[in-house]
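**Q** Predicted structure and sequence below. I'll ask about it afterward.
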Amino acid sequence: MKPRTCLSAAFMLATALASTACAAPPPVELQNDPHLVSCPAVLPGTLKKTGAVISPDASAVYEAGFDPVAWAGSVRKRRIGFDGPGDVSLQPTEWDAADLLTNLRPEVRRIYTTGDSNATISFDWERLTASQKSMLNISPVSGRPDNWGQQRLQYLRGDRSLEQGNANGQFRRRRKLLGAIVNSTPVFAGPPSASILEPGYQDFYQRYQRRMPAVFAGADDGMLHAFNADSGSELFAYVPRMLFPALVQLTRPDSVRRAFVDGPIRIAEAFMGSEWKTVLVAAMRGGAQGVFALDVTDPWHFDEGTGALWEFSDADDPHMGNVIGTPAIAKLYVGMRKGLRSYRYFAIVTAGLNNYVDDGAGRSEPGAANALFLLALDKPSAEKWKAGSNYIKLVLPAGESNSANGLSEPALVVDDDGVLRHVYVGDLQGNLWRFDFTGTLPWTNAMGTGTPKPLFIASDEQGFRQPITAKPAIAYTRAGYLLLFGTGRLLESRDLIDERMQSFYAVQDDPDKRSDAVRRSQLARRNAMAGTDGSVEISGSVLPSGKDAKGWYIDLPEPGERVLRAADIAGHMAYFDTLRPSADSCRGAIARSYVVDTLSGLPPDNVVTGIPFDPQDDDGAVVLPPAASSIAPRDASGKRKVEIRRIRITDTETTEGAKAKDRTSSTQTMTTGRLSWRELVDWNGRQK
């Protein structure tokens with residue numbers, strides 16, 4: 001590909017880019033993750049699992065999904081049984097929040113949104129602003145006012161009297177009230193974290209350590225839902241204000257599935273200027289170009305706390321696009337105050353995709369430049385967004401004009417005090433970027449001086465760029481950081497037939513030493529060969545030592561095989577999964593689980609890697625993080641052998657429960673003892 005010859009301003013802080021004469025790259029037509037589309041023979045009521053979260057005590061799993069015919073959603077609780085190392089069972093469904101919600105009377109539901117002043121208000125007709133009422137009064141068929149807004153609001157709250165099939169029914173008939181949950185994987189929130197050692201935090205922890213556990217998920221009914229993790233009852237729901245222009249589409253009788261609250265969620269504790277809170281930040285993905293933040297310190301009394309903190313969309317900054325990655329929440333050093341170091345908590349999100357698409361005056365960035373946003377969590381709800389004050393924008397060059405672009409999910413590096421130091425993020429054109437936050441507000445040198453340059457450019461042997469949509473995993477070494485990530489994308493239907501070569505990389509970076517970008521030629525090649533049984537053998541030579549040791553890479557063996565999720569790192573091993581989709585939604589796709597040594601890229605001793613599994617049976621699989629299944633006694637030197645297992649629960653539910661299968665095959669053995677969790681084997685093979 002030829003490089004883009006007309007670039008936007010090299011680097012701008014908290015200001016909009018000037019338009020360029022270059023044509024914007026093509027948009028990414030976000031779909032429902034095409035690999036989740038079901039076969040035509042699928043019957044209504046079939047559950048397509050799309051994600052799961054395990055409770056912190058590993059006693060239960062919460063599975064989300066949808067009916068691909070009726071587009072009804074589901075959040076189910078199932079108990080986990082441990083019969084021995086690697087022998088895990090799932091019990092039958094204990095409850096499905098969709099069933100409980102469908103039987104709930106509309107008038108008792110706690111549903112909220114925000115008004116023009118950004119104050120939290122009930123989702124009731126009397127409380128809505130004039131502009132919100134006006135948007136609900138528009139017919140989704142004719143596009144003209146029809147004064148049915150109040151009835152539409154009651155429908156959205158759960159009133160089914162005006163659904164088709166009833167007398168005078170005009171609105172879409174629903175199988176269940178909970179909308180499809182496709183890309184918004186559920187998130188569990190129990191007691192506050194016990195690991196924070198900050199002034200005033202202990203009082204906050206003591207007050208809420210017994211609070212009601214909750215499960216949060218976004219759905220295509222226009223709401224983010226909070227469910228009681230014990231009983232499954234709805235605690236509250238939130239309708240983002242930015243979705244109001246599209247809500248009428250939910251009542252259209254012939255409507256097809258449209259994304260609404262369809263993005264990933266992050267929950268963490270943050271200091272909000274004067275007190276500690278538990279904060280939720282959610283991306284909208286294809287639902288809208290923006291993110292929103294809620295105070296979920298006490299989900300049962302959502303409206304009695306801060307409620308909705310803020311929303312941030314392309315109406316606030318034209319660089320904002322469709323955010324597909326999980327937002328991060330981080331503590332940053334902002335300078336000295338009265339002789340003491342001062343910190344502030346921010347939500348960190350990328351501009352995502354399609355910020356250059358013209359979707360309204362002042363809402364797009366025609367120069368197609370990417371950006372990283374730092375959004376202050378303590379911004380008062382009534383305060384306007386102001387660049388350089390309550391939010392920071394760090395802008396990257398636009399890249400190549402003939403290829404779609406956008407930033408994926410950021411990976412954070414924090415110090416021992418939990419203060420953010422660096423952010424790493426990839427983009428659709430194969431660039432891996434590093435942001436440095438070791439300075440202070442407004443971090444004008446976060447990308448160095450001059451034109452920002454990527455740390456690494458992922459490209460195949462022919463020089464074609466390889467998109468990075470998975471969050472990098474980070475391993476710590478004496479030489480700095482080792483960034484592990486795969487390439488490939490599955491965002492739109494045409495990605496199904498993309499058979500270009502994709503790779504998995506491990507790239508060394510020492511942020512304390514400014515140097516030229518790492519090149520593919522500086523990485524050690526690992527050869528991957530697929531066998532007749534679908535498994536993959538990986539081989540390669542010992543890594544060189546010294547300054548030429550920049551990492552390694554594996555070219556995935558199947559055309560179109562790609563990495564769509566972040567790798568897991570446990571000890572000296574890196575685990576990652578791949579998918580080779582097919583245009584035939586009923587068959588043809590393949591998937592594999594790999595495990596390699598983090599530093600060498602080679603399989604651990606006596607381990608078969610690249611184990612195939614059926615992705616049709618794996619949708620929404622519950623993957624337990626790699627963990628020790630057995631620990632041997634220490635030897636005379638203080639070291640011990642630890643066996644690591646990564647368990648994937650994939651079987652469908654039966655009345656007897658479901659057995660788990662370990663897709664990474666045999667146990668991996670590692671040596672530990674006098675090894676810090678931050679230290680790994682060095683490049684020359686010596687153990688530190």
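**A** Good, I have the coordinates. Numbering: from 1, shown residues only.

**Q** which residues of the stretch 451-600 of the chain score low on pLDDT?
**A** Regions of the stretch 451-600 of the chain meeting the criterion pLDDT under 70 cover residues 544-548, 585-588.

**Q** Would you map the strands across it?
**A** When assigned using DSSP state E, counting those that start in this stretch, the strands of the stretch 451-600 of the chain occupy the ranges 456-457, 473-477, 480-486, 503-509, 524-530, 536-539, 551-555, 568-570, 573-580, 590-597.

**Q** Could you say which of the ones you listed is packed most deeply?
**A** Neighbour counts (mean count of other Cβ atoms under 10 Å) averaged over each of the strands of the stretch 451-600 of the chain peak at strand 503-509, with a mean of 25. Heads up, the C-betas are built off the backbone N, CA and C, glycines and all.

**Q** Adding distance to Ala382 as columns, could you present the strands of the stretch 451-600 of the chain in JSON lines?
**A** Below are these laid out as JSON lines (distance: least, Cβ to Cβ, whole Å):
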{"stretch": "strand 456-457", "distance to Ala382": "43"}
{"stretch": "strand 473-477", "distance to Ala382": "38"}
{"stretch": "strand 480-486", "distance to Ala382": "40"}
{"stretch": "strand 503-509", "distance to Ala382": "42"}
{"stretch": "strand 524-530", "distance to Ala382": "55"}
{"stretch": "strand 536-539", "distance to Ala382": "56"}
{"stretch": "strand 551-555", "distance to Ala382": "49"}
{"stretch": "strand 568-570", "distance to Ala382": "42"}
{"stretch": "strand 573-580", "distance to Ala382": "45"}
{"stretch": "strand 590-597", "distance to Ala382": "48"}
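
**Q** Could you check how far stretch 227-243 is from the centre of its chain?
**A** Computed by Cα atoms, centre = their mean, to the nearest Å, the separation of stretch 227-243 from the middle of its chain amounts to 19 Å.

**Q** Next SSE downstream of the helix or strand harbouring Leu412?
**A** Element membership of Leu412 [criterion: DSSP states H and E] is strand 411-414. Downstream of strand 411-414, the next assigned helix or strand under DSSP H and E is strand 420-426.

**Q** neighbouring contacts of that next one?
**A** Contacts of strand 420-426 with the rest of the structure, by Cβ atoms under 8 Å, 6 or more residues apart in numbering, involve 328, 330-332, 348, 350, 372, 407-415, 432-438, 455, 458, 467-470, 472, 474, 481, 483, 485, 509, 511.

**Q** among those, which ones are buried?
**A** 328, 330-332, 348, 350, 372, 407-413, 432-437, 455, 458, 467-470, 472, 474, 481, 483, 485, 509, 511 (16 or more other Cβ atoms under 10 Å).

**Q** Go through those residues and flag which are in helices.
**A** If you go by DSSP state H, the buried ones among the contacts of strand 420-426 have nothing in helices.

**Q** how about Ser131, what does it touch?
**A** Contact partners of Ser131, counting by Cβ under 8 Å, 6+ apart, are 116, 244.

**Q** tell me the SS of it?
**A** helix (DSSP: H, G, I helix; E, B strand; the rest coil).

**Q** ok, it to Asp116 distance?
**A** Ser131 is 7 Å from Asp116, where distance means Cβ to Cβ, to the nearest Å.

**Q** And for Glu163?
**A** Distance of Glu163 to Asp116, computed by Cβ to Cβ: 31 Å.

**Q** When those two are compared, which one has more neighbours?
**A** Using other Cβ atoms under 10 Å as the criterion, Glu163 and Asp116 rank with Glu163 on top: 16 against 12.

**Q** close enough to count as contact, that one and Leu177?
**A** No: Glu163 sits out of contact with Leu177 when judged by Cβ atoms under 8 Å, with a separation of 10.7 Å.

**Q** So which bits of stretch 381-400 are buried?
**A** Neighbour counts using 16+ other Cβ under 10 Å place 381, 385, 387, 390-400 of stretch 381-400 among the buried residues.

**Q** Compile those residues into TSV and extend it with columns for distance to Arg266.
**A** Below are the buried residues of stretch 381-400 laid out as TSV (distance: Cβ to Cβ, whole Å):
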residue	distance to Arg266
Ser381	19
Trp385	20
Ala387	23
Asn390	19
Tyr391	17
Ile392	18
Lys393	19
Leu394	19
Val395	23
Leu396	22
Pro397	27
Ala398	28
Gly399	27
Glu400	31
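
**Q** Same list (those residues) but as CSV, adding pLDDT.
**A** Converted to CSV, the buried residues of stretch 381-400 look like this (pLDDT from 0 to 100):
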residue, pLDDT
Ser381, 90
Trp385, 96
Ala387, 94
Asn390, 95
Tyr391, 96
Ile392, 96
Lys393, 96
Leu394, 95
Val395, 94
Leu396, 93
Pro397, 87
Ala398, 83
Gly399, 80
Glu400, 83
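
**Q** Which of those fall in strands?
**A** The strands, defined by DSSP state E, take in 391-395 from the buried residues of stretch 381-400.

**Q** got these as TSV, with distance to His422 columns?
**A** Formatted as TSV, these follow (distance: Cβ to Cβ, whole Å):
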residue	distance to His422
Tyr391	20
Ile392	15
Lys393	18
Leu394	13
Val395	18
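
**Q** And those residues, which is closest to Thr93?
**A** Taking Cβ to Cβ as the measure, Thr93 lies nearest Tyr391 of these, at 42.3 Å.

**Q** Find me whatever residue is spatially closest to that closest one, sequence neighbours aside.
**A** Nearest non-adjacent residue to Tyr391, counting by Cβ to Cβ, 6 or more residues apart in numbering: Leu375, 4.9 Å away.

**Q** partners of the one you found in the sheet?
**A** Ala347, Tyr391 (DSSP bridges).

**Q** Wait, it touches Glu311, no?
**A** No: assessed by Cβ under 8 Å, Leu375 is found out of contact with Glu311, at 10.1 Å.

**Q** which residues are common contacts for the two?
**A** Joint contacts of Leu375 and Glu311 (Cβ under 8 Å, 6+ apart) are 291, 293.

**Q** list the contacts for the residue nearest to Asp298 when sequence neighbours are not counted?
**A** Nearest-residue entry for Asp298: Gly305, 5.7 Å, with adjacent residues in sequence omitted and distances by Cβ to Cβ, 6+ apart. Gly305 makes contacts with 277, 295, 297-298, as judged by Cβ under 8 Å, 6+ apart.

**Q** Looking at the residues you listed, which is nearest Ala524?
**A** Lys277 (46.4 Å).

**Q** Tell me how many other residues crowd that closest one.
**A** Counted with other Cβ under 10 Å, the neighbours of Lys277 add up to 25.

**Q** Centre-most residue in this protein?
**A** Central residue of the chain (Cα atoms, centre = their mean): Thr326, 3.0 Å from the mean position.

**Q** Touching, it and Ala268? I think so.
**A** No: with contact defined as Cβ under 8 Å, Thr326 does not count as touching Ala268 (11.3 Å).

**Q** Give me the distance between Asp314 and Met242.
**A** 9 Å.

**Q** These two: who's more crowded?
**A** Asp314 (24 against 21).

**Q** That one is in contact with Tyr356, isn't it?
**A** No: using Cβ under 8 Å, Asp314 is not in contact with Tyr356; the gap is 10.7 Å.

**Q** any common contacting residues for those two?
**A** 321, 364.

**Q** Send me stretch 211-223 as PDB with only the CA atoms.
**A** The C-alpha coordinates for stretch 211-223 follow below in PDB (Å, rounded to 0.1, in the frame of the first residue of the first chain):
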ATOM      1  CA  ARG A 211     -23.400  -4.300  49.100                       C
ATOM      2  CA  MET A 212     -25.600  -6.200  46.800                       C
ATOM      3  CA  PRO A 213     -23.700  -7.900  44.000                       C
ATOM      4  CA  ALA A 214     -24.900  -7.000  40.600                       C
ATOM      5  CA  VAL A 215     -24.400  -8.000  36.900                       C
ATOM      6  CA  PHE A 216     -24.500  -5.300  34.300                       C
ATOM      7  CA  ALA A 217     -25.100  -5.700  30.500                       C
ATOM      8  CA  GLY A 218     -26.100  -3.500  27.600                       C
ATOM      9  CA  ALA A 219     -28.900  -4.600  25.300                       C
ATOM     10  CA  ASP A 220     -30.500  -3.800  22.000                       C
ATOM     11  CA  ASP A 221     -33.700  -2.600  23.800                       C
ATOM     12  CA  GLY A 222     -32.000   0.800  24.300                       C
ATOM     13  CA  MET A 223     -30.900   0.200  27.900                       C
END
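
**Q** Noted, bye for now.
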